[in-house]
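> Return atomic coordinates for the entry below.
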Amino acid sequence: MHILLVGAGLSGAVIGRTLAEAGHQITIVEARDHVAGNCHTVRDAETGVMVHVYGPHIFHTDDEEVWNYVNKFETFMPYKNRVKTTSKGQVFSLPVNLHTINQFYDKTLRPDEARAFIEEQADTSITDPQTFEEQALRFVGPDLYEAFFKGYTIKQWGMSPQDLPASILKRLPVRFNYDDNYFFHRFQGMPENGYTAMVERILDHPAITVHLNTTFTRDQVGEYDHVYYSGPLDGFFNYELGRLGYRTLDFERFTYEGDYQGCAVMNYGEEDVPYTRITEHKHFAPWEEHEGSVCYREFSRACDEDDIPYYPIRQVKEKALLADYEALAAEVENVTFVGRLGTYRYLDMDVTIREALDAARAYLEQIGNAEAALA
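Next up is the predicted model:
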């Protein structure tokens, strides 16, 4: 089979490699001038720092097969994401943990005492939280909500937490111990030579041809036995029903001689600080040493036509439009919509890879069954 993959990010690379290893001919078209999508990394010429060009990506998963898969193509170094936040003139650790609680309230509570204390702060009259704000008030109370969640959320999503669903905060991480590891997954790490090097190795197969700076058009579908499309779902249909809503990010890049903030991620929870966070990229590779530093201030805003879409909004209006586009997609033959943009969902990298492996295997099983039936 000759198969076209639209997009050379994780979805396209993993599906392409899986099908290439099964003997199929793979063509990948990528609109940008590099592979790896939004997890693209590049070594900064001035400082030597490995920079996450589209913002930091930290690999974390409980999926052992996915973990073993990425380690086939790149050595993953141990990395724990320990986020800090500046609020009310102090620096606290996130997620909210026992140290955060004791520092914020100037106490020395033990775990059971802290649990009881936070329950006292919570609004227990809220029995079925429907909004982000209700969820936060029910589980941490107004003080921690105002300090760490409200302003950040308004900046990140461009709307009131009263208008966001509680599901965004359903797994509100509040720990009654001193564990400040942001993620709780069994496998966590960073690729030693960056994500782009990993994706390049996944794509390094004689049956795979990659064309960069190449846009896809729908009339190409008929030229291939099957197409995997990881671009924007609405873009495939030329936005004929309207555009799905996204948030995008602007990065204000700056360099610093020395250590700018002493950590990889510093959030700014107060609404009057215009950026959501500052990331210092050399701290994402703690096994390296660099005198200079590369930092990004992150600003979130509504995504315009020419912007890079980051976070699907998925409010009521968007979900209705999504359903209409999904109905159109179901009628398209020999095209599978994959990945974050193709399915209009926020996906962590491990889930993206898992779904790509499953999609490729499902196709191989399908054509295998078809061949068996013919035989």
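
> contact partners of stretch 230-238?
Defining contact as CB atoms under 8 Å, 6 or more residues apart in numbering, one finds that stretch 230-238 is touched by 5-7, 9, 11-12, 31, 216, 218, 229, 241-244, 309, 321-322, 325-326, 328-329, 332, 335, 337-344. The C-beta positions use only the backbone N, C-alpha and C, and glycine is treated the same way.

> the strands in the stretch 151-300 of the chain, which residues?
Using DSSP state E, counting those that start in this stretch, the strands of the stretch 151-300 of the chain run over residues 187-191, 208-211, 226-229, 246-257, 265-268, 277-280, 292-302.

> So which bits of the second one are buried?
To tie it back to what came earlier, the one meant is strand 208-211. Residues of strand 208-211 classed as buried: I208, V210 (neighbour count, 16 or more other CB atoms under 10 Å).

> That one pairs with which strands, and in what direction?
strand 25-29 (parallel) (DSSP bridges).

> In the strand it pairs with, which residues are buried?
Residues Q25, I26, T27, I28, V29 are the ones in strand 25-29 that count as buried (16+ other CB under 10 Å).

> Ok, stretch 327-345 next?
Within stretch 327-345, the residues that count as buried by 16+ other CB under 10 Å are A329, V335, T336, F337, V338, G339, R340, L341, G342, T343, Y344.

> which regions of the stretch 151-300 of the chain lie under the pLDDT threshold?
Scanning the stretch 151-300 of the chain for pLDDT under 70 picks out the ranges 170-172.

> Which parts of it are helices?
Using DSSP state H, counting those that start in this stretch, the helices of the stretch 151-300 of the chain run over residues 151-157, 195-202, 233-236.

> As JSON lines, those with distance to G16 and mean neighbour count would be great.
Listed next are the helices of the stretch 151-300 of the chain as JSON lines, based on distance: least, CB to CB, whole Å; neighbours: other CB atoms under 10 Å:
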{"stretch": "helix 151-157", "distance to G16": "33", "mean neighbour count": "20"}
{"stretch": "helix 195-202", "distance to G16": "8", "mean neighbour count": "22"}
{"stretch": "helix 233-236", "distance to G16": "19", "mean neighbour count": "21"}
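
> Out of those, flag the one nearest T248.
helix 151-157 (11.5 Å; CB to CB).

> Point out the other helices and strands that the longest helix seen in the chain packs with.
In the chain, assigned by DSSP state H, the helix with the most residues is helix 349-374. For helix 349-374, the contact count by 3 or more CB pairs under 8 Å, 6 or more residues apart in numbering; DSSP states H and E identifies helix 10-21, strand 59-61, helix 64-73, helix 339-343 as packing neighbours.

> Which one of these lies nearest to F254?
strand 59-61 (26.0 Å).

> strands paired with the closest one, and their directions?
strand 187-191 (antiparallel).

> Name the stretch among the helices and strands packed on helix 349-374 that sits most buried.
For the helices and strands packed on helix 349-374, average neighbour numbers computed from mean count of other CB atoms under 10 Å are highest in helix 10-21, which has a mean of 26.

> who does that one touch, helix- and strand-wise?
strand 2-6, strand 25-29, helix 195-202, strand 208-211, strand 226-229, helix 339-343, helix 349-374.

> swap the cut-off to 6 Å and go again
Applying 3 or more CB pairs under 6 Å, 6 or more residues apart in numbering; DSSP states H and E, one finds that helix 10-21 makes contact with strand 2-6, strand 25-29, helix 195-202, helix 349-374.

> and that helix with helix 64-73, angle?
Using axes from the mean of the first three to the mean of the last three CA atoms, to 10 degrees, one finds that helix 10-21 and helix 64-73 are set 80 degrees apart in direction.
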